[in-house]
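1. Let me see the structure of the following:
(2 chains)
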Amino acid sequence: MSSTFDQVATIIAETCDIPRDTITPDSHAIDDLGIDSLDFLDIAFAIDKAFGIKLPLEKWTQEVNDGKATTEQYFVLKNLCARIDELVAAKGAGA
Amino acid sequence: MQLEYFQLIDRILDLNMVEKTITVEAQVPKASTIFDGHFPGYPIMPGVLLIESMAQTSGWLLVALMKFERMPFLAAVKEAKMRGFVAPGELLTVEASVVHEGSGYAITDAKVKVGGKLRSNATITFSHVPFPNPDLRGHMDAVAKRIGFPSQAIA
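-> Below you'll find the predicted structure:
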């Protein structure tokens, strides 16, 4: 089974037409890869489907807007993947 | 359907909150200035308005599912296909179903049919937010009444 990062990187590459080899765990989806909010909806949809979760985008955005979190916490890919793993684990625990 | 007011749907025929589907009816007017230009001597319903009818239909489904607490806004239209012409005076049946409900966004599939035959379809993405002001909420209440929104469905 491929890693969460591999799956997410492939989703981003295919959804946003970004060369796969330019996407690293340290890439910031917005600042480094230039993904805008609309494209991120497509990515969120693909991630939701692939992992059977619901990325809490509104909560994250609110936390960033309120200064309670940084965009790095959610949109640097290694951090995003850690959040996805947490959500998958939480879903498994609740099942 | 009042094209000049962007009223693209007339009546909700069915709203299924369990299946997350909606069916509406829309009567294309026999005459409109839009047909004067689209096209002279060969009037047909513009494809963008068929897309708008699917967006409005989908929007009402989402408004219902969110119990009138949030307003969906069109964000993306994918795989939109105009499969056949729609002429002035034709009666449209527009159907929509939810593909995915995300956090702050939703995706629907929608179809326009005439006499049971598919004329257009699209996959549509919406972002949704709490109603930005009471005026818009009031407007939606008024439209809901006009198109026969089944308020018992969200009770």
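2. Count the residues that sit near residue 30.
-> With no chain named, the answer covers chain A. Close neighbours of residue A:30, defined as other Cβ atoms under 10 Å in any protein chain shown, add up to 17. No exception for glycine: its C-beta is placed from N, CA and C like everyone else's.
3. nope, chain B
-> By other Cβ under 10 Å, the residues close to residue B:30 number 11.
4. And the pLDDT at it?
-> On pLDDT, residue B:30 comes in at 95.
5. swap in residue B:98?
-> In the predicted model, residue B:98 carries a pLDDT score of 98.
6. Likewise for residue B:33?
-> At residue B:33, the model reports a pLDDT of 93.
7. Please tell me how far the closest residue to residue A:63 other than its chain neighbours sits from residue A:19.
-> Residue nearest to residue A:63 in three dimensions, not counting chain neighbours: residue A:69, with 4.0 Å by Cβ to Cβ, 6 or more residues apart in numbering or on different chains. For residue A:69, the distance to residue A:19 under the criterion Cβ to Cβ, to the nearest Å works out to 29 Å.
8. between those two, who's got more neighbours?
-> A direct count of neighbours by other Cβ under 10 Å for residue A:69 and residue A:19 places residue A:69 higher, at 15 against 7.
9. Which residue is the nearest non-sequential neighbour of residue 30?
-> No chain specified, so I'll use chain A. Here the nearest residue to residue A:30 in space, its sequence neighbours aside, is residue A:75; by Cβ to Cβ, 6+ apart that works out to 5.4 Å.
10. my bad, chain B
-> Once flanking residues are discounted, residue B:30 sits nearest to residue B:89: 4.3 Å by Cβ to Cβ, 6+ apart.
11. Would you agree that neighbour is in contact with residue B:28?
-> Yes. Counting by Cβ atoms under 8 Å, residue B:89 sits close enough to residue B:28 to count as a contact (6.1 Å).
12. ok, the two, which is more surrounded?
-> In terms of neighbours (other Cβ under 10 Å), residue B:28 is the more surrounded of residue B:89 and residue B:28; the figures are 23 against 11.
13. for stretch B:47-55, which positions count as buried?
-> Using 16 or more other Cβ atoms under 10 Å in any protein chain shown as the burial criterion, the residues of stretch B:47-55 that qualify are B:47, B:49-55.
14. Determine how far it lies from the middle of the whole chain.
-> Relative to its chain's centre, stretch B:47-55 lies at 7 Å (Cα atoms, centre = their mean, to the nearest Å).
15. One more: stretch A:37-52?
-> Average the C-alpha atoms of stretch A:37-52, do the same for its chain, and the two points are 8 Å apart (Cα atoms, centre = their mean).
16. Only the C-alpha atoms, please, for that stretch, written as PDB.
-> Extracted C-alpha coordinates of stretch A:37-52, given in PDB (Å, rounded to 0.1, in the frame of the first residue of the first chain):
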ATOM      1  CA  SER A  37      -8.700  27.700  -2.900                       C
ATOM      2  CA  LEU A  38     -10.800  26.400  -5.800                       C
ATOM      3  CA  ASP A  39      -8.200  23.800  -6.800                       C
ATOM      4  CA  PHE A  40      -7.900  22.800  -3.200                       C
ATOM      5  CA  LEU A  41     -11.600  21.900  -3.200                       C
ATOM      6  CA  ASP A  42     -10.900  19.400  -6.000                       C
ATOM      7  CA  ILE A  43      -8.000  18.100  -3.900                       C
ATOM      8  CA  ALA A  44     -10.100  17.900  -0.800                       C
ATOM      9  CA  PHE A  45     -12.800  16.000  -2.700                       C
ATOM     10  CA  ALA A  46     -10.200  13.500  -4.000                       C
ATOM     11  CA  ILE A  47      -8.700  13.100  -0.600                       C
ATOM     12  CA  ASP A  48     -12.100  12.700   1.100                       C
ATOM     13  CA  LYS A  49     -12.900   9.900  -1.500                       C
ATOM     14  CA  ALA A  50      -9.600   8.200  -1.300                       C
ATOM     15  CA  PHE A  51      -9.400   8.000   2.500                       C
ATOM     16  CA  GLY A  52     -13.100   7.900   3.400                       C
END
